[in-house]
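J.: Model the structure of this input:
(one chain, ligands or ions: 1)
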Amino acid sequence: MPSNYDNSAWFYDRLSRVIYGRAIIRSQVYLLQHIPASSNILIVGGGTGWILEEIAKIHPSGLKITYVEISAKMMALSRKRNAGRSEVNYINEPIENVPVIENQDVVITPFLFDNFTEQTLQKVFSHIDKALKPGGIWLNTDFHITGKWWQKILLRSMFVLFRIICQIEASQLPGIEKCFAQYRYGIIDQKSFCGEFILSTIYQKQKTYEVLKTS
Ligand SMILES: C[S@@+](CC[C@H](N)C(=O)[O-])C[C@H]1O[C@@H](n2cnc3c(N)ncnc32)[C@H](O)[C@@H]1O
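T.: Sure, this is the predicted structure:
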């Protein structure tokens, strides 16, 4: 069953600021410098849409953004954001139901995959991967366990809370980094935030000739 963030839309950003301060924002803003001008971008699970305003600060115009968000209430908040003069196509559907929008230069998945079981991760990842062109950039940020005792407690508490409020299906982190490795994505840059609990990574999809060489 897909998650339902409708119930949390009105307090989601405030709650995340209370728990993580500005780490959630900093971890995503760090990734945005890698967006080339005039690119086609697919954003999946943008929540209340503040990321559109942060992107507009870097690129006030010239982007073609496809913004896919499953929650109607999150989407309503996102539509009110100032995305500058870039074109934004809002799609209020689960990404896995959206026909592949090919040839994207950049894909952004901010705290999307932590919602999923391993099985859903595989399905959604493979769907999004088809949208990104060879050599394209995938900006991903999500939780990441490095062994500190408090990380597991915080993560478990979040799963409990969001299972109750948003009916998320996950009860543990799926193998997100493993998935990128499995699809042979290269890492261009990477930074951790919030005592290494959050990991932001700039991945690059293999160029066609590399795929041919390794297949
Ligand atoms: C954990 S929240 C993160 C929100 C935002 N990126 C942020 O960092 O504040 C995950 C978001 O992904 C959306 N989402 C979950 N599953 C989705 C799917 N299959 N397709 C599109 N959006 C999805 C949820 O509705 C929610 O807004």
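
J.: Just give the number of residues close to Lys57.
T.: Using other Cβ atoms under 10 Å, Lys57 has 11 neighbouring residues. Yep, even glycine has a C-beta here, placed from its N, CA and C like the rest.

J.: so it is in which element?
T.: Using DSSP states H and E, Lys57 sits within helix 50-58.

J.: And that helix, what does it pack against?
T.: Applying 3 or more Cβ pairs under 8 Å, 6 or more residues apart in numbering; DSSP states H and E, we find helix 50-58 packed against helix 23-32, strand 40-44, strand 64-68.

J.: is stretch 66-81 anywhere near the ligand?
T.: Yes - contact of stretch 66-81 with the ligand is found when judged by Cβ under 6 Å from any ligand atom, involving Val68, Glu69, Ile70, Ser71, Met74.

J.: Which of those ranks first by neighbour count?
T.: Glu69 (27 neighbours).

J.: what's near enough to touch it?
T.: By Cβ atoms under 8 Å, 6 or more residues apart in numbering, the contact set of Glu69 is Val44, Gly45, Gly46, Gly47, Gly49, Met75, Ser78, Tyr90, Ile91, Asn92.

J.: ok, now Asp6?
T.: Counted by Cβ under 8 Å, 6+ apart, Asp6 has contacts Ser71, Ala72, Lys73, Met74.

J.: Swap in 7 Å and give it another go.
T.: Ser71, Ala72, Lys73 (Cβ atoms under 7 Å, 6 or more residues apart in numbering).

J.: Put together CSV for those residues, with secondary structure, pLDDT and distance to Ala181 on each row.
T.: Shown next, in CSV, are the contacts of Asp6 (DSSP: H, G, I helix; E, B strand; the rest coil; pLDDT from 0 to 100; distance: Cβ to Cβ, whole Å):
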residue, secondary structure, pLDDT, distance to Ala181
Ser71, coil, 96, 30
Ala72, helix, 97, 35
Lys73, helix, 97, 35
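
J.: Among the residues you listed, which one sits closest to the ligand?
T.: Distance to the ligand across those (Cβ to the nearest ligand atom) is lowest for Ser71, with 3.7 Å.

J.: Where does the nearest residue to Phe159 once chain neighbours are set aside sit: helix, strand or coil?
T.: Nearest non-adjacent residue to Phe159, counting by Cβ to Cβ, 6 or more residues apart in numbering: Ser171, 5.3 Å away. Put simply, Ser171 is coil when judged by DSSP: H, G, I helix; E, B strand; the rest coil.

J.: neighbours around Ser171, how many?
T.: 10.

J.: pLDDT value on it, please?
T.: pLDDT, Ser171: 87.

J.: Touching, it and Met158? I think so.
T.: No - using Cβ atoms under 7 Å, Ser171 makes no contact with Met158, being 10.7 Å away.

J.: where exactly do the helices run in the protein?
T.: Residue ranges of the helices in the chain, as given by DSSP state H, are 12-20, 23-32, 50-58, 72-79, 118-131, 149-166, 176-182, 208-214.

J.: could the ones you listed go into JSON lines alongside distance to Asn40?
T.: What follows is the helices of the chain, written out as JSON lines (distance: least, Cβ to Cβ, whole Å):
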{"stretch": "helix 12-20", "distance to Asn40": "27"}
{"stretch": "helix 23-32", "distance to Asn40": "15"}
{"stretch": "helix 50-58", "distance to Asn40": "13"}
{"stretch": "helix 72-79", "distance to Asn40": "18"}
{"stretch": "helix 118-131", "distance to Asn40": "9"}
{"stretch": "helix 149-166", "distance to Asn40": "30"}
{"stretch": "helix 176-182", "distance to Asn40": "21"}
{"stretch": "helix 208-214", "distance to Asn40": "18"}
